[in-house]
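J.: got a sequence here, can you build the structure:
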Amino acid sequence: MRWALVKVCLAVTTMVVIAFAVPLGLVIKEMARDRAFSNAEREAAVVVPALSITTDRDQLERVVASAGSDDGMAVHLPASDGRAAVDLGRQRAADADIAAVRKLGRASTTGVPGGSALLQPVALSLGTVVIEVYVPESEVSNGVGTAWAVLAAVGAALVVGSVAVADRLGVRMVQPARRLVEGAHELGEGKLGARVPEEGPNELRLAAVAFNSMADQVVQLLANERELAADLSHRLRTPLTVLRLNAASLGESAAAEQTRTAVAQLEGEVDTIIRTAREAKPQTAAAGPGAGCDAAEVVRERMAFWSALAEDEGRKVRTAGVDRPVRIPVARTDLAAALDALLGNVFRHTPEGTAFAVDVHNGEDAVIVLVSDAGPGIRDPEAAMARGRGSGAAGSTGLGLDIVRRLAESTGGDVRIGSSVLGGTEVRLWIQLDGREPVRRGHRGAVRRRRRAVVGRS
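T.: Alright, predicted model coming up:
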């Protein structure tokens with residue numbers, strides 16, 4: 001479309017330039033010719049007063065020499081009163097042409113070697129005198145070449161300028177259309193954060209508005225479905241954890257063993273459902289308008305949810321850094337699912353009465369969520385982070401940590417497992433705010449110092 005517009009503009013401008021430049025060039029050439037012959041007529045007019053006064057050869061030769069230059073003028077006197085015809089100056093025109101002008105009594109031009117000759121008749125008492133003025137070809141075309149060169153340069157500048165303007169107009173029209181196409185491709189590939197700038201011609205602007213509105217509706221519909229799936233998983237996780245803990249205290253009877261087996265099977269089915277939902281989820285990357293949530297609010301909400309079970313098991317719970325809003329580029333449901341996965345691991349893989357804590361650290365370019373416990377820790381953190389392997393404990397599939405890892409990597413962050421100040425495991429969820437690679441220099445020590453300060457205050 002862009003090049004088609006440039007070609008059309010080039011063709012139209014070229015035709016316009018030719019339509020104006022060619023006639024104008026011919027007019028300039030004609031004006032130069034008229035100027036040259038006008039000068040010749042003025043030179044001839046200088047001799048006329050002298051002819052009306054005298055016909056003396058010597059005096060006329062002096063007048064002709066003063067009026068003409070480079071033998072450019074000649075005066076042809078007719079024969080009269082028994083006196084022969086007299087020719088003064090250098091004659092270039094043919095005798096027949098001179099005789100015709102003397103007979104007709106009208107000025108005319110005739111071609112001569114090297115240019116043209118103006119033949120101007122003057123009627124005197126002795127007869128008709130013909131004044132011949134030589135006009136060289138260089139005089140006739142003087143300035144024409146320069147004028148034509150200027151016209152050609154102006155025409156070329158107009159063509160180039162029109163092409164540049166057409167190219168800019170084409171870019172202004174094509175770029176919004178191209179962005180619309182790219183946005184449609186990205187949305188079709190599952191990048192739900194794809195949006196199109198609402199700019200360009202009015203039609204493309206309206207198309208961009210419609211596209212963005214459609215994308216927002218798609219994101220909202222998927223968010224509603226994911227929230228429903230998250231709610232269902234939350235509702236199932238907590239009762240299953242309670243059932244598993246209660247089943248562990250039933251003893252070694254056959255009924256107790258059947259109950260534990262049923263709970264384990266049910267947990268496996270729930271894990272399968274969650275895994276399927278996570279694998280089928282499009283990568284939104286929280287990159288659309290309105291994406292993001294308040295991490296502090298989500299942490300308070302999920303901690304309130306798990307606090308009831310923690311109280312039943314005698315676990316001490318502590319939170320820090322959630323007293324003020326902390327905005328992150330992550331969907332609310334994603335963060336809630338990640339927190340539930342981490343907290344569920346604490347309940348599932350640590351003994352009753354084990355304390356745990358959730359800290360939120362708000363930095364300039366990243367937000368760090370720390371989930372730590374006072375349990376036995378993880379023997380092989382690298383294996384625990386590997387998808388599908390887990391920590392090695394019974395019932396561990398690594399699904400929860402995989403959910404957390406995907407969340408962090410969608411923002412450019414990461415997940416690390418280490419030792420906590422409580423003596424057990426610390427899972428650090430690094431959420432990058434601007435999508436750049438995380439800067440980890442000195443981070444570990446700073447986080448530990450801040451956590452020790454929080455622990456000291458508590």
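
J.: the helices in the stretch 101-250 of the chain, which residues?
T.: Along the stretch 101-250 of the chain, the segments classed as helices by DSSP state H, counting those that start in this stretch run 137-140, 144-188, 202-248.

J.: can I get those helices in a markdown table including mean pLDDT and distance to residue 298?
T.: C-betas here are computed from N, CA, C, even on glycine. Rendered in a markdown table, the data for the helices of the stretch 101-250 of the chain read as follows (pLDDT from 0 to 100; distance: least, CB to CB, whole Å):
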| stretch | mean pLDDT | distance to residue 298 |
| --- | --- | --- |
| helix 137-140 | 82 | 92 |
| helix 144-188 | 80 | 27 |
| helix 202-248 | 75 | 11 |
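
J.: tabulate those in a markdown table, adding columns for mean neighbour count.
T.: Supplementary listing: the helices of the stretch 101-250 of the chain in a markdown table, determined by neighbours: other CB atoms under 10 Å:
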| stretch | mean neighbour count |
| --- | --- |
| helix 137-140 | 15 |
| helix 144-188 | 15 |
| helix 202-248 | 15 |
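
J.: wait, which of these is closest to residue 413?
T.: Shortest separation from residue 413 across the helices of the stretch 101-250 of the chain is recorded for helix 202-248, at 20.4 Å, computed as CB to CB.

J.: now residue 146: how far from residue 32?
T.: From residue 146 across to residue 32, the span is 10 Å (CB to CB, to the nearest Å).

J.: pull up the distance across stretch 359-366, start to finish.
T.: The first and final residues of stretch 359-366 sit 14 Å from each other (CA to CA, to the nearest Å).

J.: again with stretch 120-133
T.: Using CA to CA, the end-to-end distance of stretch 120-133 comes to 8 Å.

J.: give the rounded mean pLDDT of it.
T.: When pLDDT is averaged along stretch 120-133, the result is 81.

J.: now do it: distance to the chain's middle.
T.: The gap between the average C-alpha position of stretch 120-133 and the chain average comes to 79 Å, counting by CA atoms, centre = their mean, to the nearest Å.

J.: over to stretch 189-198?
T.: Once both centres are worked out by CA atoms, centre = their mean, stretch 189-198 turns out to sit 15 Å from its chain's centre.

J.: buried set for that stretch?
T.: Of the residues in stretch 189-198, those scored as buried under the neighbour-count criterion (16 or more other CB atoms under 10 Å) are 191, 192, 193, 194, 195, 196.

J.: likewise stretch 327-335?
T.: In stretch 327-335, counting by 16+ other CB under 10 Å, buried: 328, 329, 330, 331, 332, 333, 334, 335.

J.: export it to CSV, keeping only CA atoms.
T.: In CSV, the C-alpha atoms belonging to stretch 327-335 read as follows (Å, rounded to 0.1, in the frame of the first residue of the first chain):
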residue,chain,number,x,y,z
ARG,A,327,1.7,-2.7,42.9
ILE,A,328,3.1,-5.5,40.7
PRO,A,329,2.5,-6.4,37.0
VAL,A,330,0.9,-9.7,37.8
ALA,A,331,-2.7,-10.7,37.7
ARG,A,332,-4.4,-11.1,41.1
THR,A,333,-5.4,-14.7,40.5
ASP,A,334,-1.9,-15.6,39.4
LEU,A,335,-0.3,-14.2,42.6
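
J.: avg pLDDT for it?
T.: Mean pLDDT, stretch 327-335: 87.

J.: wait, doesn't residue 144 sit right on residue 27?
T.: No - when contacts are counted by CB atoms under 8 Å, residue 144 is not listed as touching residue 27 (10.7 Å).

J.: how about the contacts made by residue 73?
T.: Residues counted as contacts of residue 73 (CB atoms under 8 Å, 6 or more residues apart in numbering) are 43, 44, 47, 64, 67, 89, 131, 132, 133, 134.

J.: equivalent analysis for residue 419, please.
T.: Residue 419 sits next to 377, 425, 426 when contact means CB under 8 Å, 6+ apart.

J.: go on, residue 256?
T.: Going by CB under 8 Å, 6+ apart, residue 256 touches 247, 250.

J.: mind checking how far it is from residue 347?
T.: 20 Å.

J.: and stretch 79-94, which residues are buried?
T.: Burial within stretch 79-94, assessed by neighbour count using 16+ other CB under 10 Å, is assigned to 88, 89, 91, 92, 93.

J.: my guess is the second one meets residue 131, correct?
T.: This means residue 89. No - the pair residue 89 and residue 131 fails to qualify as a contact (CB under 8 Å) at a distance of 9.4 Å.

J.: okay, and the common contacts of the two?
T.: When CB under 8 Å, 6+ apart defines a contact, the residues bordering residue 89 and residue 131 alike are 73, 74, 75.

J.: okay, and which of those map to strands?
T.: Restricting those to those inside strands, with DSSP state E as the criterion, leaves 73, 74, 75.

J.: quick check: closest non-adjacent residue to the second one.
T.: It refers to residue 74. Closest residue to residue 74 in three dimensions, ignoring its sequence neighbours and counting by CB to CB, 6 or more residues apart in numbering: residue 89, at 3.4 Å.

J.: check that neighbour and give its pLDDT.
T.: We have a pLDDT of 76 for residue 89.

J.: can you tell me how far it is from residue 95?
T.: When distance is defined by CB to CB, residue 89 is 15 Å away from residue 95.

J.: helices and strands around the longest helix anywhere in the chain, which ones?
T.: Longest helix in the chain by number of residues (criterion: DSSP state H): helix 2-53. Using 3 or more CB pairs under 8 Å, 6 or more residues apart in numbering; DSSP states H and E as the contact criterion, the elements in contact with helix 2-53 are helix 57-67, strand 73-77, strand 115-124, strand 127-136, helix 137-140, helix 144-188.

J.: would CSV of those with distance to residue 214 be doable?
T.: CSV is the format used below for the helices and strands packed on helix 2-53 (distance: least, CB to CB, whole Å):
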stretch, distance to residue 214
helix 57-67, 89
strand 73-77, 88
strand 115-124, 78
strand 127-136, 78
helix 137-140, 73
helix 144-188, 8
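
J.: work out for me the element residue 358 sits within.
T.: strand 356-362 (DSSP states H and E).

J.: ok, that strand: who's next to it in the sheet?
T.: Pairing partners of strand 356-362, with direction, according to DSSP bridges: strand 317-320 (parallel), strand 366-373 (antiparallel).
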